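Novice: pasting the structure only:
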């Protein structure tokens with residue numbers, strides 16, 4: 001069993017705080033012998049506003065991600081004998097035994113300020129900067145006036161039951177801001193300031209800002225100035241210079257939805273020469289999913305950037321090869337394409353909005369904070385005590401104050417001229433309906449669960465068909481449900497049953 005290094009305030013082995021769930025799950029899938037079993041839990045009704053829980057039971061680990069940005073916020077060790085943990089070269093659990101308070105306090109980490117006793121959990125939390133341990137202590141044995149060092153160092157004291165790694169000076173300080181504090185580490189641990197400055201293609205995209213009315217998608221990056229994808233102008237060479245080579249290149253073969261590109265005036269798409277792109281990637285073996293139906297004369301293609309969470313459609317219909325569409329992926333848990341792409345947050349700003357002044361726009365350019373999820377509901381109590389659930393304690397300080405309100409950008413841009421990826425589609429729909437003078441149409445229904453995991457969608461209904469046009473329920477439909485496509489001028493939203501936006505197409 002290989003050793004895993006403990007890094008308080010940073011991570012555990014390759015699990016680094018701030019990492020995206022896309023990178024974490026990709027690493028787990030690449031090492032099936034090390035991580036043979038994993039379980040993902042999330043709130044299917046609120047997948048973007050509730051934490052995501054990833055349990056590695058065979059390794060005794062539990063990872064918590066925020067829902068809005070899907071970044072690792074808390075690492076818990078629930079079983080010390082399932083992983084070989086080390087700190088500064090010393091093993092934490094010797095001979096497969098959980099560490100004792102005496103070993104942690106006197107030898108490994110050293111003295112610490114008094115922790116806190118949680119009577120409802122029957123445990124004592126010993127906290128250091130970036131790391132904490134829980135020790136079972138029966139409520140009948142605990143006394144506030146007793147020296148905690150003497151009590152927990154006694155021969156009858158039980159060893160540590162669990163450990164947590166987080167970002168903060170102590171668990172009591174960190175738990176109230178666990179999902180609201182901006183992570184200091186990048187989504188991909190391999191991204192560094194030096195490498196990003198040397199090559200913009202090595203940087204990571206933090207946010208995609210769609211400037212509606214200008215045909216422009218502004219990619220906000222972590223270390224470099226924004227890169228603008230200008231529809232009808234940006235070339236593949238521009239993309240490679242700024243974003244690096246695409247993960248894959250997918251040549252467009254499927255034209256089954258092209259009949260819907262000629263909507264009349266006021267149509268859902270708002271244009272006469274746009275095709276819907278519902279499948280933009282190759283299968284896992286790198287081959288096209290529609291080889292049997294491939295058009296030998298097909299020349300248009302996609303640049304797939306899985307690590308950035310976007311696709312760029314390159315059209316050759318006009319002079320030269322230029323980008324004409326951008327697809328931004330939400331990586332919503334429970335969606336058919338979950339973890340094929342990293343989640344990319346986006347926002348739409350209407351440049352022609354008379355209420356949007358330049359000062360508000362400039363101010364909003366520097367605002368990248370996400371709408372954090374609320375603390376997760378506490379699970380039912382478990383007996384006997386099998387390790388403190390640090391996730392249960394999020395937001396539950398001794399003063400019982402609620403977590404601080406999430407940061408917000410209170411300006412005209414955010415209040416009247418913007419929609420974003422954290423909004424439910426009901427809110428998005430209402431804002432877009434107001435801008436469309438109340439003109440709306442029914443969505444197009446799509447079945448993501450067809451023959452192969454990467455196949456194109458099955459068309460279940462047209463833009464103008466009633467909801468009763470849906471017939472039957474396949475096994476894949478039961479698992480993933482039908483998605484709906486809502487078209488507005490310049491924008492197409494793919495929406496799940498829970499009204500989360502799975503993908504946004506900009507054209």
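Specialist: All right, it came through fine. This is a predicted model, so every value here is computed, not measured.

Novice: and for stretch 41-58, what are the contacting residues?
Specialist: For stretch 41-58, contacts defined as Cβ atoms under 8 Å, 6 or more residues apart in numbering pick out 21, 24-25, 28, 35-40, 61-68, 70, 73, 82, 179, 330, 332-334, 371, 373-374, 376, 391, 421-422, 498, 500. C-beta: built from backbone N, CA, C; applies to glycine.

Novice: Helices - which of those residues land there?
Specialist: For the contacts of stretch 41-58, the ones inside helices are 21, 24-25, 28, with DSSP state H as the criterion.

Novice: where does the stretch 401-507 of the chain dip in pLDDT?
Specialist: Within the stretch 401-507 of the chain, the stretches with pLDDT under 70 are 401-417, 437-441, 448-481.

Novice: one step back: looking at the ones in helices among the contacts of stretch 41-58, state which has the most neighbours.
Specialist: residue 21 (25 neighbours; other Cβ atoms under 10 Å).

Novice: What's the mean pLDDT across stretch 43-60?
Specialist: Taken as a whole, stretch 43-60 has a mean pLDDT of 95.

Novice: ends of it, how far apart?
Specialist: The straight-line separation of the ends of stretch 43-60 (Cα to Cα, to the nearest Å) is 22 Å.

Novice: Show me the beta-bridge partners of residue 314.
Specialist: The residues listed as beta-bridge partners of residue 314 by DSSP bridges are residue 301, residue 323.

Novice: how many neighbours does it have?
Specialist: Under the neighbour criterion other Cβ under 10 Å, residue 314 is assigned a count of 23.

Novice: what's the spacing between it and residue 59?
Specialist: If you measure residue 314 against residue 59 using Cβ to Cβ, to the nearest Å, the figure is 42 Å.

Novice: go on, residue 317?
Specialist: Taken as Cβ to Cβ, the span from residue 317 to residue 59 is 51 Å.

Novice: Tell me which of those two has more neighbours.
Specialist: For residue 317 and residue 59, the more surrounded residue by other Cβ under 10 Å is residue 59, and the numbers stand at 21 against 9.

Novice: Helices of this structure, start to end?
Specialist: Under the criterion DSSP H, the chain carries helices at the ranges 21-30, 101-103, 148-153, 171-174, 193-198, 236-243, 358-365, 412-416, 425-435, 475-480.

Novice: of those helices, which approaches residue 208 most closely?
Specialist: The minimum distance between residue 208 and these falls on helix 236-243, with 11.8 Å, by Cβ to Cβ.

Novice: Pull the residues that contact that closest one.
Specialist: Surrounding helix 236-243, the residues in contact under the criterion Cβ under 8 Å, 6+ apart are 200-201, 205, 219, 227, 229, 246, 303, 305, 308, 312, 314, 321, 323.

Novice: please redo it, this time with the cut-off set to 6 Å
Specialist: Contacting residues not belonging to helix 236-243 are listed as 200-201, 227, 303, 312, 314, 321 [Cβ atoms under 6 Å, 6 or more residues apart in numbering].

Novice: repeat for stretch 24-35
Specialist: Where contact means Cβ under 6 Å, 6+ apart, the residues beyond stretch 24-35 that reach it are 14, 38, 56, 339.

Novice: and the first one, how far is that from residue 51?
Specialist: Read that as residue 14. Counting by Cβ to Cβ, the separation of residue 14 from residue 51 is 21 Å.

Novice: These two: who's more crowded?
Specialist: Applying other Cβ under 10 Å to residue 14 and residue 51 shows that residue 51 carries more neighbours, namely 24 against 14.

Novice: hang on, the earlier thing: any chance of the contacts of helix 236-243 in JSON lines, with pLDDT and distance to residue 139 too?
Specialist: What follows is the contacts of helix 236-243, written out as JSON lines (pLDDT from 0 to 100; distance: Cβ to Cβ, whole Å):
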{"residue": "200", "pLDDT": "90", "distance to residue 139": "57"}
{"residue": "201", "pLDDT": "89", "distance to residue 139": "57"}
{"residue": "227", "pLDDT": "97", "distance to residue 139": "58"}
{"residue": "303", "pLDDT": "97", "distance to residue 139": "60"}
{"residue": "312", "pLDDT": "97", "distance to residue 139": "59"}
{"residue": "314", "pLDDT": "95", "distance to residue 139": "66"}
{"residue": "321", "pLDDT": "92", "distance to residue 139": "70"}
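
Novice: Top of those by number of neighbours, please.
Specialist: Using other Cβ under 10 Å as the contact criterion, the top neighbour count among the contacts of helix 236-243 goes to residue 312, which has 25 neighbours.

Novice: thinking it is in contact with residue 323, fair?
Specialist: Yes: assessed by Cβ atoms under 6 Å, residue 312 is found in contact with residue 323 at 5.0 Å.

Novice: one step back: going by distance to residue 193, which of the contacts of stretch 24-35 wins?
Specialist: Of all the contacts of stretch 24-35, the one sitting nearest residue 193 is residue 14; the distance, using Cβ to Cβ, is 20.0 Å.

Novice: Give me the neighbour count for the nearest residue to the closest one once chain neighbours are set aside.
Specialist: Distances taken as Cβ to Cβ, 6 or more residues apart in numbering place residue 27 nearest to residue 14, at 5.9 Å, with adjacent residues excluded. Taking other Cβ under 10 Å as the neighbour definition, residue 27 ends up with a count of 16.
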